[in-house]
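Student: need a structure here:
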Amino acid sequence: MKVGDVDLSNPVVFEAGVPYAYFALLRKEAPVTWQPSIYGEGFGFWNITRFADIAEVEKNVEAFSSKTNVSPMPTPESTLSSTVDRSIILSDPPRHSFLRRSITGGFTPRAIAKLEERIKQCAVEAIDSVIEKGECDLHDVAAYTPIEVVADILGVPAHDRQRLYDWANAMFGTTDPELSDPQKNMMGAMQMFSYARRLAKLRRANPGEDVFSLIALAEEDGEQLDDIDLGATFIVLATAGNETTRTQFLQGVLTLIEHPQAMATLREDLSLLPNAIEEMLRWTTPALGFARKATRDIEVDVRATLETDDGATIFVSYQGRSDYTKAGAAPIITAPLFETSDPRYLWLNKVQAIARGRAEGMSKLVYDIYEVQ
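Tutor: Predicted structure coming up:
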């Protein structure tokens, strides 16, 4: 396997499971690579695969903005323009901080305690509905509790919950022909947004005990979330909270099926369950990646590991400048530094080189060293 062999923009790649071996290769040999998209020009992205680099992108909100398409879905920027700075996942501080406080303010200790009891009740109902049959489609079991709990949070009445479920599937299932297509995706988003704004007005006029009522009434320095803010917040809670929980449930159960000894250990000692759930979240995370948009040229420090044909290990650190915003169109000027403890190549530790990076096939960067001191 070599860099560029796996198309990370293609959802089909992930149907058989996450390509862990390829991500390991990228972390080792090419921690920053350009990935052209199967959806065409304008949807490609840079892969940032190492923990330290990802953490830096997450923390550096001035250089890496969330005011963009943060998902791997091929959503044009123009489609998102109405919800940028309105949705918590499409905003930067200080606006993001205000939205976050407004939302988290609704999750009071009392509200969370009620949710815990409701979750337990839904879990029992989901199992009771299939246990006498002796078999089931696990997806149906996994889907029941999240949508019911999310609907409780949002104050959605029982007769509207199927619609909420269908809209969420239409929005998240664009690449699955059994669930949706681009047209259904757009219609689902529009219908859910319209419903959310109507519900927000009702909750402001006649608050209930649901979390969404508390969010609708939340106020900070005389400012409340407006109708569009509440609509965007509703969509995030209704889709992300529903889809991620359902997916994690299924991936967690599949992991236990694939590791029967772990399942047997859990059954013998249920006190291990809280830690097991945390481990499932780490091991089979339902959200594989988020995007950010670079607002300016970024200083990069990328260290790769190379192995020579005769078995030496050499570390190469590419320090220089890269214009992330041009998505591979601009040349990348770097200064490779070499480091090795292999006695045959110690002379490399004294080498300082200048290289010019170029895109090869728009899937990886190749560095030509043209000056060595």
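
Student: Which stretches in the stretch 1-150 of the chain count as strands?
Tutor: 32-35, 45-48, 64-65 (DSSP state E, counting those that start in this stretch).

Student: right, I mislabeled it, should have said the stretch 251-373 of the chain
Tutor: Using DSSP E, counting those that start in this stretch, strands in the stretch 251-373 of the chain cover 293-294, 298-307, 313-322, 332-339, 353-360, 364-372.

Student: Quick one: mean pLDDT for the second one?
Tutor: For strand 298-307, mean pLDDT rounds to 67.

Student: Which pLDDT value goes with the nearest residue to residue 143 once chain neighbours are set aside?
Tutor: With Cβ to Cβ, 6 or more residues apart in numbering as the criterion, residue 143 has its nearest non-adjacent residue at 5.3 Å, and that residue is residue 246. C-beta: built from backbone N, CA, C; applies to glycine. On pLDDT, residue 246 comes in at 88.

Student: now residue 4
Tutor: pLDDT, read off for residue 4, is 83.

Student: residues near it, how many?
Tutor: 17 (other Cβ atoms under 10 Å).

Student: go on, residue 212?
Tutor: Other residues close to residue 212 by other Cβ under 10 Å number 25.

Student: Specify the local secondary structure of it.
Tutor: helix (DSSP: H, G, I helix; E, B strand; the rest coil).

Student: Residue 315 contacts residue 342, correct?
Tutor: No. Using Cβ atoms under 8 Å as the test, residue 315 is too far from residue 342 to be in contact (10.7 Å).

Student: now the helices: where do they sit in the stretch 1-150 of the chain?
Tutor: Shown for the stretch 1-150 of the chain, the helices assigned by DSSP state H, counting those that start in this stretch span residues 20-29, 51-59, 77-80, 95-104, 109-131, 138-154.

Student: and the gap between residue 254 and residue 139?
Tutor: Residue 254 sits at a distance of 11 Å from residue 139 (criterion: Cβ to Cβ, to the nearest Å).

Student: Neighbour count for these two, which is higher?
Tutor: A side-by-side neighbour count of residue 254 and residue 139, using other Cβ under 10 Å, places residue 254 first with 14 against 11.

Student: For that one, give me its contacts.
Tutor: residue 284 (Cβ atoms under 8 Å, 6 or more residues apart in numbering).

Student: ok, now with 10 Å
Tutor: Residues counted as contacts of residue 254 (Cβ atoms under 10 Å, 6 or more residues apart in numbering) are 17, 138, 280, 284.

Student: next one: residue 80
Tutor: Applying Cβ under 10 Å, 6+ apart, the residues contacting residue 80 are 67, 68, 69, 70, 71, 86, 87, 90.

Student: could I get those as a markdown table with pLDDT, neighbour count and distance to residue 178?
Tutor: As requested, these are exported to a markdown table (pLDDT from 0 to 100; neighbours: other Cβ atoms under 10 Å; distance: Cβ to Cβ, whole Å):
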| residue | pLDDT | neighbour count | distance to residue 178 |
| --- | --- | --- | --- |
| 67 | 86 | 19 | 33 |
| 68 | 81 | 17 | 29 |
| 69 | 78 | 18 | 24 |
| 70 | 76 | 18 | 25 |
| 71 | 74 | 15 | 20 |
| 86 | 83 | 21 | 31 |
| 87 | 83 | 23 | 27 |
| 90 | 84 | 22 | 28 |
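
Student: need the least confident one among the helices of the stretch 1-150 of the chain, by mean pLDDT.
Tutor: Minimum mean pLDDT among those: helix 77-80, a mean of 70.

Student: just the helices of the stretch 1-150 of the chain: most buried one?
Tutor: helix 138-154 (a mean of 20; mean count of other Cβ atoms under 10 Å).

Student: Could you give the separation of that helix from the chain centroid?
Tutor: The chain centroid and the centroid of helix 138-154 are separated by 20 Å, computed with Cα atoms, centre = their mean, to the nearest Å.

Student: And for stretch 55-75?
Tutor: 10 Å.

Student: Can you show me the CA trace of that stretch as PDB?
Tutor: Taking Å, rounded to 0.1, in the frame of the first residue of the first chain, the C-alpha atoms of stretch 55-75 are listed here in PDB:
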ATOM      1  CA  ALA A  55      -5.300  19.300  18.200                       C
ATOM      2  CA  GLU A  56      -3.600  22.400  16.900                       C
ATOM      3  CA  VAL A  57      -6.300  22.800  14.100                       C
ATOM      4  CA  GLU A  58      -9.000  22.400  16.800                       C
ATOM      5  CA  LYS A  59      -7.400  25.000  19.100                       C
ATOM      6  CA  ASN A  60      -6.400  27.600  16.500                       C
ATOM      7  CA  VAL A  61      -9.800  29.000  15.800                       C
ATOM      8  CA  GLU A  62      -8.400  32.200  14.200                       C
ATOM      9  CA  ALA A  63      -6.600  30.300  11.500                       C
ATOM     10  CA  PHE A  64      -9.000  27.400  11.100                       C
ATOM     11  CA  SER A  65     -12.600  28.400  10.900                       C
ATOM     12  CA  SER A  66     -15.800  26.400  11.400                       C
ATOM     13  CA  LYS A  67     -17.700  28.700   9.100                       C
ATOM     14  CA  THR A  68     -17.600  26.100   6.400                       C
ATOM     15  CA  ASN A  69     -19.000  22.600   5.500                       C
ATOM     16  CA  VAL A  70     -17.700  20.700   8.500                       C
ATOM     17  CA  SER A  71     -19.000  17.300   7.300                       C
ATOM     18  CA  PRO A  72     -17.700  15.000   4.600                       C
ATOM     19  CA  MET A  73     -20.900  15.500   2.600                       C
ATOM     20  CA  PRO A  74     -20.700  17.400  -0.700                       C
ATOM     21  CA  THR A  75     -22.600  20.500   0.500                       C
END
